[in-house]
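In: Take this sequence and fold it.
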Amino acid sequence: MKLVNECKQIQEDSTYTAEAHHLIAAGLSVKAFRCKFYPALFALASALALILGVKDWVAWITVISGTVVLYNVFVEPEKKAQQHVFAAKQFTVLKHEARSLHESFKEFMAEMEFYHGVRVIREKYNLLVQFSPPTDDKRVWDEARRKIKAGIHKPSYRN
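Out: Numbering: from 1, shown residues only. This is a model prediction of the structure:
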C-alpha cells in the first residue's frame, strides 16, 4: 500500500507542478506578445508622425519602443515560456506514468518489479524538479490549486 501511496503522491505532485508551469508559460507568452507588438506599433506610429511633420518630441516614443524591444531580446520571455511548456509536458507525462503504474500495471507486476517502477518515477520527478525552471509564484500555485480542485484534470469517465 505504501508504494501505491507513493505513486499517488507523485501523480498529485506532478499534476500541480505541471499546471503551475502551464500557467507561468501562458503569462510569459502574453508578456512576450505585448513586448513585441506594442513597441512595434508605437514605433510605427511615431515614425509616421515624424514623417508627417509632428514635433520632434515624438521621436522619444521611438526611443522608448526600442528600449522595450531590447528588454525583450535580453529577458527572452518567449524562451522562458517554452521552457515552462516543456517542463509542464514532462510533469504531465510523469503524472500519467504514475497513474498507470498503480492503477493498471501493478496487478501484473511482482512486488519487487513494482518497487523498482515506483523508484524510477520518483527519481524522474526529483530530476525534473532539479532541472525545471522555478515555479515560486504563490499566486500561480493558488490558481493551479483552484483549477485542479475544480476538476479540470479529472477524466469525464471517472464521474
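In: Can you pull the poorly scored residue ranges out of the chain?
Out: Counting by pLDDT under 70, the ranges of the chain that qualify are 156-159.
In: Need the residue closest to the centroid of it.
Out: Nearest residue to the geometric centre of the chain (Cα atoms, centre = their mean): residue 21, 2.4 Å.
In: For this structure, identify the residue most remote from the centre.
Out: Farthest-from-centroid check, the chain (Cα atoms, centre = their mean): residue 53, 46.0 Å.
In: Please identify the helix or strand for that residue.
Out: If you go by DSSP states H and E, residue 53 is not part of any helix or strand.
In: do residue 133 as well
Out: For residue 133, there is no enclosing helix or strand under DSSP H and E.
In: The residue lying closest to it once chain neighbours are set aside: neighbouring residues, count only.
Out: Residue nearest to residue 133 in three dimensions, not counting chain neighbours: residue 83, with 5.0 Å by Cβ to Cβ, 6 or more residues apart in numbering. Bear in mind the C-beta positions are built from the backbone N, C-alpha and C, glycine included. Residue 83 is flanked by 17 other residues according to other Cβ atoms under 10 Å.
In: before we move on, which element is residue 25 in?
Out: Using DSSP H and E, residue 25 sits within helix 2-51.
In: and the gap between the residue nearest to residue 133 and residue 102?
Out: Separation of residue 83 from residue 102 (Cβ to Cβ, to the nearest Å): 29 Å.
In: Also residue 117?
Out: With distances taken as Cβ to Cβ, residue 117 is found 9 Å from residue 102.
In: which of the residues in the next helix or strand along the chain from the helix holding residue 25 are buried?
Out: Note on helix 2-51: by DSSP H and E, the next helix or strand toward the C-terminus is helix 59-75. Residues of helix 59-75 classed as buried: 61, 62, 65, 68, 72 (neighbour count, 16 or more other Cβ atoms under 10 Å).
In: For the fourth one, which non-adjacent residue is closest in space?
Out: Of all residues not flanking residue 68 in the chain, residue 39 sits nearest, at 4.2 Å (Cβ to Cβ, 6+ apart).
In: my guess is that neighbour contacts residue 65, does it?
Out: Yes - counting by Cβ atoms under 8 Å, residue 65 is a contact partner of residue 39 at 3.9 Å.
In: List of residues touching stretch 48-62?
Out: For stretch 48-62, contacts defined as Cβ atoms under 8 Å, 6 or more residues apart in numbering pick out 42, 43, 45, 46, 47.
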